[in-house]
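In: starting from these lines, generate the structure:
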Amino acid sequence: MSERSYLFVPGNRSERFEKARASGADAVIFDLEDAVQPQEKSSVLDAVLGHMDAARPAFVRINAADTEWFANDAAAIANHPGVAGIVLPKAETCEQIETVLAHAHPSLTILPIVETARGFANLTLLCGAPRVRRIVFGTLDFQIDLNVEGDGEELDMFRSQIVLASRLAGLAMPVDGVSTLLDDPVTIEAEARRGRRFGFGAKLCIHPKQIDAVHRAYAWTAAELAWAGRVLEAVEASGGAAVAVDGKMVDMPVILKARRMVGAR
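Out: As a prediction, the model looks like this:
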């Protein structure tokens with residue numbers, strides 16, 4: 001099963017490293033970028049490298065390609081056996097990915113964050129780049145770059161295009177951006193469910209409090225599973241004849257959805 005939750009842990013908070021691993025998140029991202037001040041970059045890189053464990057591979061968000069730390073991060077991180085993947089911020093070109101892969105061990109994967117207009121314009125190229133496993137939508141920085149005010153319908157078109165490009169490239173379902181709320185699980189779950197409706201398969205998290213709500217959003221509810229069971233039972237009992245469930249006709253796309261739901265349980 002693909003990861004549903006990716007939890008950021010600041011690279012300068014080493015006391016949180018093991019807590020993040022034990023949080024229940026499907027994946028942990030050690031963050032060298034936003035959470036770290038410039039004067040801390042070198043020491044934090046060393047701290048994160050010291051915590052990487054080949055028996056428990058984790059992701060690392062390195063600094064962006066237009067920063068002075070990018071080349072050193074890529075060289076130090078990408079070949080470490082404890083690094084499952086590189087989260088590449090402000091991904092815009094295949095050349096940036098190729099720079100990371102020049103230092104990479106054979107199983108390293110890349111998760112480019114699309115969070116600029118140029119990155120979005122090059123979405124198809126990023127999806128087709130080597131070792132890219134899934135696209136991450138950096139909604140907050142994307143709004144700033146495009147002067148968009150809002151994370152709802154304002155980003156609907158962009159979300160749909162990311163899902164489409166990912167599907168055409170054969171990638172795992174993309175990862176939606178963070179929720180800035182920490183103590184409102186109802187709203188966090190609703191935001192995650194909105195991403196799921198658009199075809200996203202996971203969400204970034206900035207605090208362990210968000211994980212359970214995100215996991216609920218990406219799980220089928222009891223009512224949804226019961227519906228799938230009724231569909232499959234009705235189809236089996238019909239002997240190939242046309243059948244309706246809950247007053248609605250059941251055709252092949254409905255059957256395929258029900259099978260997928262039951263199989264993912």
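In: alpha carbons only for contacts and neighbour counts from here, please
Out: Will do.
In: quick one: low-confidence parts of the chain?
Out: 1, 264-265 (pLDDT under 70).
In: max-length helix in it?
Out: In the chain, taking DSSP state H as the definition, the longest helix is helix 222-238.
In: how about the nearest residue to Val36, chain neighbours excluded?
Out: Excluding the flanking residues, the one nearest Val36 by CA to CA, 6 or more residues apart in numbering is Asn12, at 6.3 Å.
In: how close does that neighbour get to Glu68?
Out: As defined by CA to CA, to the nearest Å, Asn12 lies at a distance of 18 Å from Glu68.
In: could you do Leu49 as well?
Out: For Leu49, the distance to Glu68 - CA to CA - is 19 Å.
In: the two: who's more crowded?
Out: The residue with more neighbours, out of Leu49 and Glu68, is Leu49; 18 against 11, by other CA atoms under 10 Å.
In: can you check my assumption that that one lies in a strand?
Out: No: applying DSSP: H, G, I helix; E, B strand; the rest coil, one finds Leu49 to be helix, outside a strand.
In: quick check: closest non-adjacent residue to it.
Out: With CA to CA, 6+ apart, the residue lying closest to Leu49 is Ile77, at 7.1 Å.
In: same check on Val9?
Out: The nearest residue in space to Val9 (CA to CA, 6+ apart) is Phe30, at 5.2 Å.
In: coming back round to it: thought the residue nearest to Leu49 was touching Gly85?
Out: No: in this structure, Ile77 is not within contact of Gly85 by CA atoms under 8 Å, at 9.2 Å.
In: give me the common contacts of those two.
Out: Val60 (CA atoms under 8 Å, 6 or more residues apart in numbering).
In: sheet partners, orientation included, of the one helix or strand Leu204 maps to?
Out: Using DSSP states H and E, Leu204 falls within strand 202-205. The pairing partners recorded for strand 202-205 under DSSP bridges are strand 5-10 (parallel), strand 175-176 (parallel).
In: highest mean neighbour count out of the ones you listed?
Out: Among the strands paired with strand 202-205, strand 175-176 has the highest mean neighbour count (mean count of other CA atoms under 10 Å), at a mean of 28.
In: contacts for that strand, please.
Out: Contacts for strand 175-176 (CA under 8 Å, 6+ apart): 134-139, 192, 195, 200-204.
In: now whichever helix or strand comes after that strand, how far from the chain's geometric center?
Out: Using DSSP H and E, the helix or strand that follows strand 175-176 towards the C-terminus is helix 185-198. Per CA atoms, centre = their mean, to the nearest Å, the displacement of helix 185-198 from the mean C-alpha position of its chain is 14 Å.
In: I'd say Ser23 and Gln210 touch.
Out: No: here Ser23 lies out of contact with Gln210, judged by CA under 8 Å, at a distance of 10.2 Å.
In: show me how the record splits the protein into domains.
Out: Domain assignment for the chain by automatic domain parsing gives 5-217, 222-263.
In: looking at the ones you listed, which is buried most?
Out: Ranked by mean neighbours (mean count of other CA under 10 Å), the domains of the chain are led by domain 5-217, with a mean of 19.
In: need the distance between the two termini of that domain.
Out: 11 Å.
In: stretch 47-65 too?
Out: End to end - CA to CA - stretch 47-65 spans 21 Å.
In: kindly report the same for stretch 5-14.
Out: The first and final residues of stretch 5-14 sit 21 Å from each other (CA to CA).
In: ok, now which ones touch the residue nearest to Leu49?
Out: Contacts of Ile77 by CA under 8 Å, 6+ apart are 49, 60, 83.
In: now swap in Asp251 and tell me
Out: If you count contacts by CA under 8 Å, 6+ apart, then Asp251 has nothing around it.
In: which residue is the nearest non-sequential neighbour of Met138?
Out: Quick fix: residue 138 reads Gly, not Met. Per CA to CA, 6+ apart, closest to Gly138 is Glu115, 4.6 Å.
In: ok, that neighbour touching Leu146?
Out: No: with contacts counted by CA under 8 Å, Glu115 stays clear of Leu146, the gap being 9.4 Å.
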